[in-house]
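give me the fold of what follows.
(one chain, ligands or ions: 1)
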Amino acid sequence: MTAEASGDSDGREVEFRSGFACFVGRPNAGKSTLTNAVVGSKIAIASSKPQTTRHAIRGIVHRPGAQLVLIDTPGLHKPRTLLGERLNDLVRDTWTEVDIVGVCLPADQKIGPGDTYLVGEIAALPKKPTLVAIATKSDLVSPERMAQHLLSISALEQKLGVSWAHIIPVSATENDQVDVLADTLVELLPPGPPLYPDGDVTDEPEETLVAELIREAALEGVRDELPHSITVTIEEMGLREGRSKDKPLLDIYASMVVERDSQKGIMIGHRGSRLREVGAAARRQIEALLGTPVYLDLRVKVLKDWQRDAKYLNRLGF
Ligand SMILES: Nc1nc2c(ncn2[C@@H]2O[C@H](COP(=O)(O)OP(=O)(O)OP(=O)(O)O)[C@@H](O)[C@H]2O)c(=O)[nH]1
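Model prediction:
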């Protein structure tokens, strides 16, 4: 058996498949949760606040004879800030690079203008990816409602001039049909060599994952426009020197960046209570992800109106 081919049950050589897929859908459609479920590991931040995904995070699904790389994109939305515009560009760039696009259409909501706009945009791309329609959040609806939803999805083919390779209902939270979806995506991949070492689940640098986990903890319980104003930077990260190999400690110095002094107050909380809670929650998640005890030094910084400022955006890596 070579690295690029594996035997099937009859002992014949089958070609290795590899490629990229991404999930698209309106904000809150369940894209991040589904990416996590398919990859089987927590790599993309999922939260109940719409539009909290900012990075194209890749998760890697390994199957005998195939490798699927999943890209998690932010929801496409009407840009109100420079950050919004850059995020939309990022989404469009991603669509042109992937082999498969999974369009997430939440079963608990009627297909609306936002969805048809999105599918229409993909249909107009010069190089069309293979399209799979995914009826997400199947656990929230009755079989009757699901049947109706699947019919509406099917009707989009004629209405928008697209063609679904498959239409699949899934529940990411109940882990229903997630395997079926993963297998389907893998089957649709073109022949190609493995793209990542066996066993890697993501190519995101550890620092990005850590920053995302802190941001996820910071988003817990905040309201209104604040979720969009928070970003996290890692100032320094490294194993503490002088510790024995079996007792490592990872030092992380991180800042939660907000746009205004008033937001800083909210993030810190009464006598620092919120900051402590966020720090503790984030530390638990980071330790679980990296398997190392962590010392987390977490601060709050104000970068005035960073979402509208090109200089800040560049500095923050957007
Ligand atoms: N009941 C149920 N809830 C789900 C399911 N998948 C996602 N959710 C919930 O829906 C909300 C949004 O999920 P996300 O995965 O963050 O959605 P998203 O499409 O990535 O959102 P954006 O980042 O805003 O584009 C969260 O509260 C999830 O817990 C599902 O299969 N069933």
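
verify the stated contact: His149 with Ala107.
Yes. When contacts are counted by C-beta atoms under 8 Å, His149 is listed as touching Ala107 (4.9 Å). To be clear about C-beta, it is placed using only N, CA and C from the backbone, and glycine gets the same treatment.

overlap in contacts of the two?
Taking C-beta atoms under 8 Å, 6 or more residues apart in numbering as the contact rule, His149 and Ala107 both touch 135, 141, 169.

quick one: Gln307 and Val141, what's the gap?
35 Å (C-beta to C-beta, to the nearest Å).

in which helix or strand does Val210 reside?
According to DSSP states H and E, Val210 maps onto helix 206-219.

if you could redo that for Gly238, that was the one I meant.
strand 231-239.

for that strand, which helices and strands make contact with it?
Using 3 or more C-beta pairs under 8 Å, 6 or more residues apart in numbering; DSSP states H and E, the elements in contact with strand 231-239 are helix 206-219, strand 250-258.

closest to the ligand out of these?
Comparison of those against the ligand by C-beta to the nearest ligand atom identifies helix 206-219 as nearest, at 10.0 Å.

distance from the strand holding Gly238 to the middle of the chain?
20 Å (C-alpha atoms, centre = their mean, to the nearest Å).

repeat that for stretch 28-37.
Relative to its parent chain, stretch 28-37 has a centroid offset of 7 Å by C-alpha atoms, centre = their mean.

again, but for stretch 263-280
On C-alpha atoms, centre = their mean, the centre of stretch 263-280 falls 26 Å from that of its chain.

got the end-to-end distance for that stretch?
End-to-end span of stretch 263-280 (C-alpha to C-alpha, to the nearest Å): 20 Å.

what's the answer for stretch 215-229, then?
Across stretch 215-229, the terminal residues are separated by 11 Å (C-alpha to C-alpha).

related to what we said a few turns ago, which strands and helices lie in contact with the helix holding Val210?
With contacts taken as 3+ C-beta pairs under 8 Å, 6+ apart, helix 206-219 sits against strand 231-239, strand 250-258, helix 273-290.

and Ser152, how far from the ligand?
Applying C-beta to the nearest ligand atom, to the nearest Å, the value for Ser152 to the ligand is 18 Å.

which residue is the nearest non-sequential neighbour of that residue?
Ile111 (5.1 Å; C-beta to C-beta, 6 or more residues apart in numbering).

next: Arg283.
Of all residues not flanking Arg283 in the chain, Leu296 sits nearest, at 4.6 Å (C-beta to C-beta, 6+ apart).

which residue is the nearest non-sequential neighbour of Phe20?
For Phe20, ignoring the flanking residues on the chain, the nearest one in space by C-beta to C-beta, 6+ apart is Val98 at 4.2 Å.

isn't the one you found right next to Val24, touching?
No. Checked against C-beta under 8 Å, the pair Val98 and Val24 is beyond contact range at 9.7 Å.

those two: which is more packed in?
Higher neighbour count among Val98 and Val24: Val24, with 26 against 19, using other C-beta atoms under 10 Å.

one step back: show me what counts as buried in the helix holding Val210.
With burial defined by 16 or more other C-beta atoms under 10 Å, the residues of helix 206-219 counted as buried are 208-219.

next one: that helix, is it in contact with the ligand?
No. Residues of helix 206-219 are not located near the ligand by C-beta under 6 Å from any ligand atom, the shortest gap being 10.0 Å.

what angle separates that helix from strand 231-239?
Interaxial angle of helix 206-219 relative to strand 231-239 (axes from the mean of the first three to the mean of the last three C-alpha atoms, to 10 degrees): 130 degrees.

roughly how far is helix 206-219 from the heart of the chain?
Centroid displacement of helix 206-219 relative to its chain, using C-alpha atoms, centre = their mean, is 12 Å.

tell me which element the residue nearest to Arg283 is part of?
strand 294-302.

which strands and helices lie in contact with that strand?
Packed next to strand 294-302, using 3+ C-beta pairs under 8 Å, 6+ apart, are strand 250-258, helix 261-268, helix 273-290.

quick one: the first one to chain centroid distance?
Right, the one you point to is strand 250-258. Computed by C-alpha atoms, centre = their mean, the chain-centroid distance of strand 250-258 equals 21 Å.

parallel or antiparallel, list what pairs with it.
If you go by DSSP bridges, strand 250-258 pairs up with strand 231-239 (antiparallel), strand 294-302 (parallel).

list the buried residues for it?
250, 252, 254-258.

state the mean pLDDT of stretch 105-118.
Stretch 105-118 carries an average pLDDT of 92.
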